[in-house]
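Undergrad: Next input, structure requested:
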Amino acid sequence: MVYKAIETAAGGYENKKLTMAFQTVILDDKDSDCGTQKTIDIKLDDKNINEYLYRYIQQNKKLVQITNENKNNFINTTVKMRSVLYCKGEHYCNKCVGDKYYLVGITNVGLTAGNVGSIIMNDSMKAFHSNLIIMKEIKNISNFIKPQ
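TA: Residues are numbered from 1 along each chain as shown. Next up, the predicted model:
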């Protein structure tokens, strides 16, 4: 039982550390653009394209957003994607982070880092609470009975 409490506390502690470390990471205004020319090369395919929806790529010297309507144009290509890794703004600009957070109304993205700690905590708790029933066939019961 002590192990369970320790694992749950560890997940809670990780959550607190992540929240403290990233609490100041916020987004700049919608439509902001730091103007960086640096990008990262991303190979898009039918398995990962949805992970990059609403992100911006550099195409013919202009920024294009990957959307549900145009995503098929980018499958099986390598694109030059804007990234927070190269954002020059005081806060992450819209063009480097994409539109996903803006669409759901999140501007303090650092606080979403705590979701990782919550997942760790929940997984450790689930490890102790299972509704799985394990059945075993006992072929020779005499192996389990002690003579008196």
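
Undergrad: Run through this structure and note the low-pLDDT ranges.
TA: Scanning the chain for pLDDT under 70 picks out 1-11, 15, 18-22, 110-134, 136, 138, 141-148.

Undergrad: Going by residue numbers, what spans are helices in it?
TA: 2-22, 94-97, 100-103, 114-126 (DSSP state H).

Undergrad: Pull out the buried residues from the third one.
TA: Judged by neighbour count (16 or more other CB atoms under 10 Å), helix 100-103 contains these buried residues: 101, 102. Just so you know, the C-beta spots here come from the backbone N, C-alpha and C atoms, and that holds for glycine as well.

Undergrad: what about residue 88, neighbour count?
TA: Neighbours of residue 88 under the rule other CB atoms under 10 Å: 12.

Undergrad: which ones are touching it?
TA: 34, 35, 36 (CB atoms under 8 Å, 6 or more residues apart in numbering).

Undergrad: Any idea what residue 78 is bridged to?
TA: Beta-bridge pairing for residue 78 (DSSP bridges): residue 43.

Undergrad: Quick check: the gap between the residue nearest to residue 49 when sequence neighbours are not counted and residue 31.
TA: If the residues on either side of it in the chain are set aside, residue 49 comes closest to residue 71, at 5.1 Å by CB to CB, 6 or more residues apart in numbering. With distances taken as CB to CB, to the nearest Å, residue 71 is found 21 Å from residue 31.

Undergrad: Give me the more crowded residue out of the two.
TA: Counted by other CB under 10 Å, residue 71 and residue 31 do not tie: residue 71 has more neighbours, with 15 against 10.

Undergrad: Hmm, residue 46 and that one touching each other?
TA: No. Counting by CB atoms under 8 Å, residue 71 stays clear of residue 46, with 9.4 Å between them.

Undergrad: domain assignment for this structure?
TA: Domain ranges of the chain: 1-25+108-129, 29-106, per automatic domain parsing.

Undergrad: now these in JSON lines, with distance to residue 137?
TA: As requested, those are exported to JSON lines (distance: least, CB to CB, whole Å):
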{"stretch": "domain 1-25+108-129", "distance to residue 137": "26"}
{"stretch": "domain 29-106", "distance to residue 137": "41"}
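
Undergrad: closest to residue 140 out of the ones you listed?
TA: Closest to residue 140 of these is domain 1-25+108-129 (CB to CB; 32.0 Å).
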